[in-house]
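1. quick one, structure for this:
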Amino acid sequence: LIECARENVNVDELFSAEPQEAMNRLSQTLSVCGAFKAAYFSYKSKAAKSSSPWKFQNTALFSRLDSFLERCHDLLDLLETANLFGRMEAMKIGGTNGVDLTSHAEEVREEFNQAFQQFQSVEYDMLDVDEPRFDEDYGTFRATVRQLELRLAAMMSESIDDAKSFGNLFKTVDTFDGFTERAVVAQEWSKKQQKALEA
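-> Got it, this is the predicted structure:
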């Protein structure tokens, strides 16, 4: 099952494919493997009521598949993050500090692109669950993304503080669309929502 899933994902072409196609392949792989596990548990439950229940240990049976699925989730998150940061190319922030904030946003996008390129250039098979370097490299990448999202949250906060009307406020939030769903930026947006309602 894992080998079929690996062929479907095709990690060698994952980053050169259209982002949506690559994300669809990973989502499809996760869905099929999830359906396989669900079918197993369904039949195991039925067998438990019979005279010959299955005696397999779930952890022993699925540990490798679960590790593979976790790796696929990581790669899907990576591609979704890259897709989101890719949309920053057209980001223009308004307000009195808009030019400076837009310039800072371009710096954030460039730093993300460098981190993403570095991650893509690893010389091992990203779907090899026995490869320990992936977790370290992915952790480094996630830490970089978190720092960049903190900077974006600060930019959004400054832009919201600068908004002179609800219309400007909504334009600012629209500018950061997608990022407001990420935990770091969502936290800052949540604080600003309360202040905006009180104003």
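2. residues near residue 117, how many?
-> 10 (other CB atoms under 10 Å). For the C-beta atoms, the positions are set from N, CA and C on the backbone; glycine is no exception.
3. spatially central residue in the chain, please.
-> residue 77 (2.6 Å; CA atoms, centre = their mean).
4. mind listing the helices for this protein?
-> In the chain, the helices defined using DSSP state H lie at 2-9, 19-48, 58-86, 98-120, 133-162, 166-175, 183-198.
5. quick one: which of these is nearest residue 92?
-> helix 98-120 (5.5 Å; CB to CB).
6. which other helices and strands does that closest one contact?
-> The contact analysis (3 or more CB pairs under 8 Å, 6 or more residues apart in numbering; DSSP states H and E) places helix 98-120 against helix 58-86, helix 133-162.
7. chain center to that helix, what's the gap?
-> The chain centre lies 17 Å from the centre of helix 98-120; the measure is CA atoms, centre = their mean, to the nearest Å.
8. neighbouring contacts of it?
-> The contact list for helix 98-120 (CB atoms under 8 Å, 6 or more residues apart in numbering) reads 15, 78, 82, 85, 88-89, 91-93, 95, 137-138, 141, 144-145, 148, 151-152, 155, 158-159.
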